[in-house]
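[1] sequence-free structure coming up:
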């Protein structure tokens with residue numbers, strides 16, 4: 001069985017890298033003698049090592065290089081212990097000292113920065129926000145246990161929120177232009193929505209309010225994220241928010257996702273590196289997408305999103321960096337070529353092919369509520385297992401409106417007939433040995449088996465169907481059975 005894989009690896013560790021000034025960071029770790037300390041940078045959900053140094057007999061180590069570090073959030077690690085986080089904002093903030101102070105095993109650790117006022121402020125910001133979050137959590141837990149405490153808890157939580165806003169506003173103003181200001185702003189919730197003007201006696205007031213507030217939050221989700229500041233990519237802040245937006249605020253339907261993708265990528269164009277990251281991350285996410293959204297009419301994947309990304313960004317010349325990778329560009333052109341005609345929701349292209357009897361028949365000759373279009377090869381090991389299982393499912397629903405148009409893609413007529421007779425495949429069996437119908441390109445027949453489910457109008461309602469998915473879809477569409485859970489391809 002032929003397999004074609006399209007893999008894109010986007011590794012981003014910051015763009016602004018080259019400056020002769022470099023970095024010189026002295027580290028003092030009390031009690032850590034003759035040990036390796038790692039300097040690492042956050043990059044979305046990942047962490048990457050940038051440098052290593054060894055402590056001397058007094059626990060002192062020096063990280064230095066003539067090339068400056070990219071702006072972002074960094075960490076010091078020794079063994080399995082993460083010592084502390086710190087910020088690099090610009091070329092002028094890369095010469096300082098970190099003292100990981102620990103008097104003895106029973107004493108608390110204290111982190112001190114010298115010649116780095118931004119990191120001192122960052123440490124205080126972390127402590128402040130951590131305490132406020134702990135206080136908020138305690139109040140909510142207490143209110144859940146004691147209903148009489150709820151009013152007091154609400155007032156206290158409002159006070160904490162107001163204190164956080166005021167403190168954060170001060171950080172943003174004082175450290176304007178520095179990464180600390182961008183981070184402080186990014187962790188703020190979106191602005192509060194004004195109350196909707198909905199009459200109290202409106203019969204759908206609650207549902208309208210829910211939709212209003214959900215839409216407000218979606219529209220303002222990124223208000224506090226500065227897409228022009230690519231330093232955010234080298235922090236643990238940007239990617240979780242980016243993923244949460246597409247996973248929780250956007251309905252998992254291609255049309256909705258495509259509209260959101262275009263909106264966000266327009267924002268990302270504020271910085272070349274931000275645009276490169278967002279486009280690459282979205283492409284990787286949706287080309288690897290496996291889940292299906294099963295609706296009353298379709299079982300939809302995300303192939304249409306990938307085709308849109310390729311056509312409107314990669315092939316449209318928006319991704320200049322990708323044009324240098326000729327293999328990747330060839331692969332994505334092939335992806336579009338072999339998927340553009342067979343997306344869910346499109347009308348199926350008609351096929352007129354020859355049956356075992358020598359007579360010709362057309363896919364559109366079938367008049368039935370549902371038609372399963374199959375492409376298989378007798379030499380395909382997976383086909384040999386899957387086709388008999390598909391046939392068993394077909395038998396369950398053939399008297400309820402399911403028909404099959406089964407295309408053998410090979411050229412060995414006797415072998416094909418032997419396979420059909422062996423498995424008793426009494427559905428419509430056809431082939432096109434000279435491939436005059438161009439079925440491989442039209443129906444993405446790069447792998448086998450390849451199956452499509454069509455409705456009565458011959459629109460594609462599901463692709464890459466398995467026997468399990470076919471049984472569930474037919475149970476849902478024909479027998480009106482409830483779905484247990486979304487299926488995977």
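    That came through, no problem. All figures in this text were calculated on a predicted structure; none of them were measured in a lab.
[2] I figured residue 61 hits residue 39, correct?
    No. Contact criterion Cβ atoms under 8 Å: residue 61 and residue 39 do not qualify, at 9.4 Å. Any C-beta I mention is one placed from the backbone N, CA and C, and that applies to glycine too.
[3] shared neighbours, the two?
    residue 53 (Cβ atoms under 8 Å, 6 or more residues apart in numbering).
[4] neighbours of residue 167, just the number please.
    Counted by other Cβ atoms under 10 Å, the residues lying close to residue 167 total 16.
[5] part of a helix, is it?
    Yes. Residue 167 sits within a helix when classified using DSSP: H, G, I helix; E, B strand; the rest coil.
[6] measure it to residue 140 for me?
    20 Å (Cβ to Cβ, to the nearest Å).
[7] how about residue 209?
    Taking Cβ to Cβ, one finds residue 209 at 23 Å from residue 140.
[8] residue 415 and residue 113, how far apart?
    From residue 415 to residue 113 the distance is 75 Å (Cβ to Cβ).
[9] how about low-confidence regions in the stretch 251-400 of the chain?
    In the predicted model, the stretch 251-400 of the chain carries no residue with pLDDT under 70.
[10] which strand or helix spans the residue nearest the centre of the chain?
    The residue lying closest to the centre of the chain (Cα atoms, centre = their mean) is residue 285, at 4.0 Å. Assigned by DSSP states H and E, residue 285 belongs to helix 272-287.
[11] counting by contacts, list what that helix packs against.
    If you count contacts as 3 or more Cβ pairs under 8 Å, 6 or more residues apart in numbering; DSSP states H and E, helix 272-287 packs onto helix 238-244, helix 254-268, helix 303-309.
[12] same thing but 6 Å
    helix 254-268, helix 303-309 (3 or more Cβ pairs under 6 Å, 6 or more residues apart in numbering; DSSP states H and E).
[13] now do the shortest one: everything it contacts.
    Under the contact criterion Cβ atoms under 6 Å, 6 or more residues apart in numbering, helix 303-309 has outside partners 254, 257, 258, 283, 286, 287, 336, 339, 340, 343.
[14] what does the first one give?
    With Cβ under 6 Å, 6+ apart as the contact definition, helix 254-268 has outside contacts at 227, 250, 274, 275, 278, 282, 304, 305, 308.
[15] distance of the fifth one from residue 305?
    When you say that, I think you mean residue 278. In terms of Cβ to Cβ, residue 278 sits 14 Å off from residue 305.
[16] and residue 415 and residue 113? which has more neighbours close in?
    Using other Cβ under 10 Å, the more surrounded residue of residue 415 and residue 113 is residue 113, with 19 against 14.
[17] could you give the angle of the one helix or strand residue 208 maps to to helix 254-268?
    When secondary structure is defined by DSSP H and E, residue 208 falls within helix 205-219. Interaxial angle, helix 205-219 versus helix 254-268 (axes from the mean of the first three to the mean of the last three Cα atoms, to 10 degrees): 40 degrees.
[18] just how off-centre is helix 205-219 within its chain?
    In terms of Cα atoms, centre = their mean, to the nearest Å, the centre of helix 205-219 is found 24 Å from the chain centre.
[19] buried stuff in that helix?
    212, 216, 217 (16 or more other Cβ atoms under 10 Å).
[20] which of those lies closest to residue 99?
    Nearest to residue 99 among those: residue 217, at 42.1 Å, using Cβ to Cβ.
[21] and the helices and strands packed on helix 272-287 as CSV, adding distance to residue 153?
    As requested, the helices and strands packed on helix 272-287 are exported to CSV (distance: least, Cβ to Cβ, whole Å):
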stretch, distance to residue 153
helix 254-268, 36
helix 303-309, 43
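[22] tell me the most buried of the ones you listed?
    helix 303-309 (a mean of 22; mean count of other Cβ atoms under 10 Å).
[23] follow-up on the earlier one: other residues contacting the next helix or strand after the helix holding residue 285?
    Per DSSP H and E, the first helix or strand lying C-terminal to helix 272-287 is strand 293-294. Contacts of strand 293-294 with the rest of the structure, by Cβ under 6 Å, 6+ apart, involve 252, 253, 300, 483.
[24] in strands, which of those residues fall?
    Among the contacts of strand 293-294, the residues falling in strands (DSSP state E) are residue 300.
[25] okay, domains of the chain per the record?
    23-116, 211-292+302-339, 352-477 (automatic domain parsing).
[26] ok, the buried residues of helix 205-219 vs residue 316, which is closest?
    Nearest to residue 316 out of those is residue 217 (Cβ to Cβ; 31.2 Å).
[27] quick one, grab the pLDDT at the nearest residue to that closest one once chain neighbours are set aside.
    Spatial nearest neighbour of residue 217, excluding adjacent residues (Cβ to Cβ, 6 or more residues apart in numbering): residue 190 at 6.0 Å. pLDDT, residue 190: 84.
[28] right, so of the helices and strands packed on helix 272-287, which gets closest to residue 232?
    Here helix 254-268 is closest among the helices and strands packed on helix 272-287 (Cβ to Cβ), at 11.1 Å.
[29] select the longest helix from the chain.
    When the chain is parsed with DSSP state H, its longest helix is helix 117-145.
[30] chain center to that helix, what's the gap?
    Using Cα atoms, centre = their mean, the offset of helix 117-145 from its chain centre is 30 Å.
[31] check stretch 246-254 too.
    For stretch 246-254, the distance to the chain centre is 10 Å (Cα atoms, centre = their mean).
[32] same check on stretch 55-67?
    With Cα atoms, centre = their mean, you get 38 Å for stretch 55-67.
[33] contact partners of that stretch?
    22-30, 32-33, 35, 37, 39, 51, 53.
[34] buried subset of those, written for PyMOL?
    Those of those that count as buried under 16+ other Cβ under 10 Å are selected in PyMOL with:
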select buried, resi 23+25+26+27+28+29+30+32+37+39+51+53
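[35] now, which of the contacts of stretch 55-67 lie within strands?
    Going by DSSP E, the strands hold 23, 24, 25, 26, 27, 28, 29, 37, 39, 51, 53 from these.
[36] show me what contacts the last one?
    Pointing back at residue 53 there. Residue 53 neighbours (Cβ under 6 Å, 6+ apart): 37, 61, 62, 63.
[37] how far away is residue 140 from residue 69?
    39 Å.
[38] what sits against the residue lying closest to residue 188 once chain neighbours are set aside?
    Leaving aside its sequence neighbours, residue 188 sits nearest to residue 224 (Cβ to Cβ, 6+ apart; 4.7 Å). Counting by Cβ under 6 Å, 6+ apart, residue 224 touches 185, 186, 188.
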